[in-house]
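A.B. asks: below are the sequence and a predicted model; questions follow.
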Amino acid sequence: MEQAQIHVYTDGSALGNPGPGGYGIIMELVGKQYSKEYAQGYAYTTNNRMELLAVIVALEKLKEKPLNVVVFSDSKYVIDSVEKKWVFGWKTKNFEGKKNSDLWKRFLLIYEQHNVKFKWVKGHNNHPQNERCDWLAVNAAKNGIKEKDVFFENENKNLH
């Protein structure tokens, strides 16, 4: 049986950077009329953390393993870190001196369970799914119940 292909669209937002943040995710099953959206807000975080967390959460939501996944993101931070293999070098050095090490460790655990490719999309360029993810992320940052980004808040107690 041919393996399903999943398209994942993600975006992250922080209002103030750091400040209230959120992520937005759209997941589509290629060749089927199926898509699902997710969003979550955080009380105090950064844009890069939300960009990365969106990818992590999307991959964690995939019940079957391994799947062929294409992640579409406007985050050069996330895409370059993986595609240019920086994150694998950081791992060998135990992420010493690297920001967001908690999320990168979590990312690698789920990334290794799937066949993941990344495609960069230019943000705010009328790409329908990217625009929707941006709206979901900003809306989650502005409204509703917000989670605590505990690791970030503990590491940055003096900032707020």
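C.D. replies: Sure, I can see it. Numbering: from 1, shown residues only.
A.B. asks: against S101, how distant is Y77?
C.D. replies: According to Cβ to Cβ, to the nearest Å, Y77 stands 14 Å off from S101. Placement of C-beta: from N, CA and C, glycine included.
A.B. asks: likewise K148?
C.D. replies: Computed as Cβ to Cβ, the K148 to S101 distance reads 18 Å.
A.B. asks: more neighbours, the two?
C.D. replies: Set K148 next to S101 and count neighbours by other Cβ atoms under 10 Å: S101 wins out with 16 against 12.
A.B. asks: what's the burial count for G22?
C.D. replies: G22 has 28 neighbouring residues, counting by other Cβ under 10 Å.
A.B. asks: need the contact list for L62.
C.D. replies: By Cβ atoms under 8 Å, 6 or more residues apart in numbering, L62 lies in contact with 6, 69, 114.
A.B. asks: pLDDT score assigned to N154?
C.D. replies: We have a pLDDT of 87 for N154.
A.B. asks: so which strand or helix has it?
C.D. replies: helix 150-155 (DSSP states H and E).
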